[in-house]
Every structure is written in structure tokens, then in C-alpha cells.
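Peer 1: sequence unavailable; structure follows:
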């Protein structure tokens, strides 16, 4: 809780407590004052004196009810204010509660306090009516709403004051004569006072019917999200209006039968019900935030397009809520059916919030416009949805990586089998044939009786053995060049460049020396690139640049050939990518047609030895 919130709660509580104490101290507990009709709370002069026939007597029970009603009004407004400081509903309800409490000084025998309390009798009503018309924010959006509130203020201030200008409560004959002094009195005229009071009562009745009609119409035409938030008001407002009408009719018009005095205590019920309805709406949004938290549990159990969205709909009470994903290839947002959708621009009942991941649009949350009155709740929903989108992206990336790992394993196994067959073929067609020929020549030399022929056969056999030994060395160098282990990658690449069928230059050095597995991978990447450049590029030279950057070996092989190389399935470059990925590195190929080919391999400097 912030210091500002603490100060707000303390200030409102102090004001309400001070007014409550002032009311208690101002009450005149004499018998004449307790039975004084002019001092009946919440009623105009006509209704108060009509109610005198019920023999109402002010007591401690009614005082407690009055103070509790005002306190509940202020407390509900304070709860709303602290939870939605950007809206006017909270301050208006707090003000209405304070005005309500201030009206209690009508029970005083002091003329100024009595008159002030009588004028403030109904001021709480125009204070809270904007909340009903501008629910839930309390802000009025139409001119007719402002006119309606202005009319309510005129009736509550001017109308009530006019009722007392021609009414002297001490001149009215009742079983319990009034002793209240009306400072607004111009001249006591029962006829004028009766007409003014009937006119004001009729206008109040008309305004009550209009407000009730507006509430019902908004309920019927509102969206599901609006109805969900407005339902408490829709439930309590007609009850409150009905109670007020019953009290007005029962006190202004003597119906057959006698009503009991306790019916006047019902006038406190609307004051308690309406702030409770608003407070319930705030509690509902707090519960919605908790429900959004529950929706996060669904992330790990269901795809975001099904369980998570349904959980958000239930939490926000908005069955129209949708989550559209952004398709970069199609350049728009797509719904669950894969159809391109246009984001609403706020002109209708729906609005959209664009969600981003890593600074780029990832999705759009489309929901009822009514939810914009709860920015904190929307912030929670947005954060939860972005987290869910990030989780979904990670899951998709992981699945793609698993699929790539399976494919790379298959390619590595296939490449291993192909390499084994190549070694077998080279041994069979090369060194093996040379050794067989040498063995035959030596056997022929053993059986030859001619010394010259024997020497010639031995010479031929020795030549075959030398050739076989050379081929075995070349074959072994292709599997693992000895110079790589003895002198490092720079020397091995230099030797490779000297034997290459295309001019090759080596640039840079590797300091510190990488692990053996990294050196072997870099060697084979360079060897494959040289072979491809010589066979397919049509270029004249190759530049190989190497170095250590940020604890990683960076190897760049560039030729001046025709370009057009790509990493296709089953190709040599695909195998090199798998070899780099196995060490936690990567291989990039840039080979636009006509610009040559550039291979860039980035390998970790210290990787697990895979040699």
C-alpha cells in the first residue's frame, strides 16, 4: 500500500468520523425534538408531515442505521477509489457518503444547523447519479446525461430549498407540534408550498422513471462483458427505486389501511445497496485478476489457442474475447480458422491490444470495449498472454529443434555409412589391389630361376608396396590428418591449401588453440568448402580466414565463383551444418548467384572432444 493510498484512507476516515461525531453531538434528545416531524431525515416537508401520522419517533436505532449507511457509502467509495484511482466513481461515492452524513444535523434544534441539514437532505442523490449513468467510470459521455445530472442538482438544491421557502413547520397542526425554525422561510403559504412540493415530487418521480429506463435499456443493449459488470447495479437499482417510490407514495398519499412506522426505516436500504453494488463490481475485477492467474496454469496443459483463451474468457466474463496470431508471410492477423482479420479501431464494441515479443508484433488480443475501464486488469491479462505466447514459441522452437535433431541424427548415420563405404571402396580399389599385385609379383620372383627376371619382379613388387603405402597415408589423412594433431589447424589448413586443385590463401591464426574436436570440425568444413569450390564454383581462388572472437572460433571461406550454393537435404553442406551443430556452433552460407560463396562457421572454442 503506497503512502498516498494510506493518506487517502486516513483523510476520508477522519472526515467521516468527524461528521459522525458532529451529527451525534447535534441531535436534540428532548421529547419535543424526537417527535418533531420537520426533523425526519431524508424526507421533504410534505412527506415528513404526512409521515407524522405514523407517530415516528427518532431513536438511537435510527441514528445507528443512519450513521452506518453513510459509513458504508464512504467505505464503498473509498474501496473503489483506491482500486480504480483513474475513475470518478470512487470520489463521487465518498462525497455522497460525506454529504449524507452532513444531512444528519437536521436533528439539531439550532436553526442554522436544522436549515442546513434540511437543504442537504437529497444532495447525495445527484452526486451518485453520474456513477449510474457513466458506469463504471462515473464519466459522462453524452450531452443528455449532463442535462439529466444538472436537472437532478436543480431539484436537490433549488427544488428542496423552494419547498421550505413557503413552509413554516411551526404553523402546521400535528399531534406533535414542530419547534424547528426554518431560516429559508419567506412567508408561510400552505397553498404555494403544497404546489411547489407536488411539482418537485412529480419531477423526482419522472427522473426516477427515466433513470430506471436508462438502466434497463443499457442492460438490454450492452455486451456480455458490460452486463457482467453492470449486473449488480441492474439488480439493486430497481429495488432501491421501488423502495423509494413506496415510501413516497405511502407518505404523500394516504392509502387504505395503516402502514407501520418501521416502513420509514426502509429508506436506508437503497443507500446501502447501491455502494455495495459498486464495491461488488470492484471485487469482481479483483477476482478476475486471480482467475487470470489460474489461467496461467493452463499454459503447460493445453495449446494457447484452446484452453488458455477459454480461461481468459471465463476470467473476464467476455465470451467474445479472441487471440489472433500475426502471420508475417501473409502480412496480417489470422484467427483460429486461419482467416485474415482486420483489427478493430475502437469505433464498435470491440477493441484490440497488440502483443509483442522481442520488439515484433506476435498477436492481437481482441476483447469487449467495456474492459478498457479496467487498465490494471488489462495489464495483467496482457502480461499473462505475452508470457503464454513466449511459452508457446519456446515449445514450438523446442519441437522444431527436436525434429532437427532427429533429422541430423539420421543424416549423421547416413553420412557415417557413406564414409565407411567410401573407405572400404578406396581400400578395395586402391591399396588392397596394390598389395595383392605386390604379393603376386613377390611369389613370381620366388619361383623364378632367372636372376634378372627375379630382380625385375622384386623391383615391381617394391614399387607396388610404395604406392600402396602412399595411398594408405592419403586415406588416413582424409580420416584424421596427423599434422592436425601435431601442429594444429593453421598448419593443417596450410598443407591442405598446398594440395588443393585451386589457389587457396590462409589468413589469421588461432590463439589460444581450440579443443581437438573443434579443430577437426573446422578442418573438414574447410576441406569440403575447398572441394566444392574446385568442383562446382568455377572460381579461381579461395580465401580462408580464421580467428578467435568472443570465446568462439570463427572460420570464413570465400571463393570468387558463380555462387548459387545452398544447404539442401543430403548435400555436403548439410553434413557440415550437422557437424557444427553437434558442437553447439552454426554454419551460415551466403551464395547469391554471380557473387561467389561465403561460408562462415562459428564454433565454441572449448567444446567436448568429439575427435
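Peer 2: Great, that's in hand. Not measured: the values here are computed from a predicted model. Residues are numbered from 1 along each chain as shown.

Peer 1: spit out the contact partners of the nearest residue to residue 141 once chain neighbours are set aside.
Peer 2: Nearest non-adjacent residue to residue 141, counting by CB to CB, 6 or more residues apart in numbering: residue 134, 6.8 Å away. Quick note: C-beta positions are derived from backbone N, CA and C, even for glycine. If a contact means CB atoms under 8 Å, 6 or more residues apart in numbering, then residue 134 has 88, 140-141, 145 as its contacts.

Peer 1: three-state assignment of residue 603?
Peer 2: strand (DSSP: H, G, I helix; E, B strand; the rest coil).

Peer 1: am I right that residue 550 is in a strand?
Peer 2: No. Counting by three-state DSSP, residue 550 falls outside a strand, being coil.

Peer 1: any idea how far it is from residue 508?
Peer 2: Counting by CB to CB, to the nearest Å, the gap between residue 550 and residue 508 amounts to 15 Å.

Peer 1: check what pLDDT the residue nearest to residue 141 gets.
Peer 2: Reported pLDDT at residue 134 in the predicted model: 78.

Peer 1: same thing with residue 147?
Peer 2: So residue 147 comes in at 90 (pLDDT).

Peer 1: next, count neighbours for it.
Peer 2: By the measure other CB atoms under 10 Å, the count of residues near residue 147 is 11.

Peer 1: state whether it is indeed within a helix.
Peer 2: Yes. Residue 147 sits within a helix when classified using three-state DSSP.

Peer 1: what sits closest to residue 33 if chain neighbours are left out?
Peer 2: Looking at residue 33 with CB to CB, 6+ apart, the closest residue is residue 109, at 5.8 Å.

Peer 1: please apply the same query to residue 490.
Peer 2: Distances taken as CB to CB, 6+ apart place residue 509 nearest to residue 490, at 5.5 Å, with adjacent residues excluded.

Peer 1: phi, psi of that neighbour?
Peer 2: phi -150, psi 160 (degrees, to the nearest 10).

Peer 1: can we start the residue count at 312 from this point?
Peer 2: Renumbered: residue one is now 312, and that last one reads residue 820.

Peer 1: contacts only, for it.
Peer 2: 801, 857-858.

Peer 1: got CSV for these, with neighbour count too?
Peer 2: Shown next, in CSV, are the contacts of residue 820 (neighbours: other CB atoms under 10 Å):
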residue, neighbour count
801, 17
857, 21
858, 14
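
Peer 1: which of these lies closest to residue 389?
Peer 2: Distance to residue 389 across these (CB to CB) is lowest for residue 858, with 67.4 Å.

Peer 1: report the secondary structure element holding that closest one.
Peer 2: Per DSSP states H and E, residue 858 falls inside strand 852-859.

Peer 1: in that strand, what's buried?
Peer 2: Neighbour counts using 16 or more other CB atoms under 10 Å place 853-855, 857, 859 of strand 852-859 among the buried residues.

Peer 1: tilt between the next helix or strand after it and strand 852-859?
Peer 2: Following strand 852-859 in sequence order, the next helix or strand is strand 863-870 (DSSP H and E). Orientation check (axes from the mean of the first three to the mean of the last three CA atoms, to 10 degrees): strand 863-870 against strand 852-859 gives 170 degrees.

Peer 1: give me the contacts around strand 863-870.
Peer 2: 813, 821, 825, 829, 833, 836-837, 840-841, 844, 848, 850, 852-859, 896, 907-916.

Peer 1: buried subset of the residues you listed, written for PyMOL?
Peer 2: To isolate in PyMOL the members of the contacts of strand 863-870 that are buried, counting by 16+ other CB under 10 Å, one can use:
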select buried, resi 813+821+825+829+833+836+837+840+841+844+848+850+853+854+855+857+859+896+907+908+909+910+912+913+914+915+916
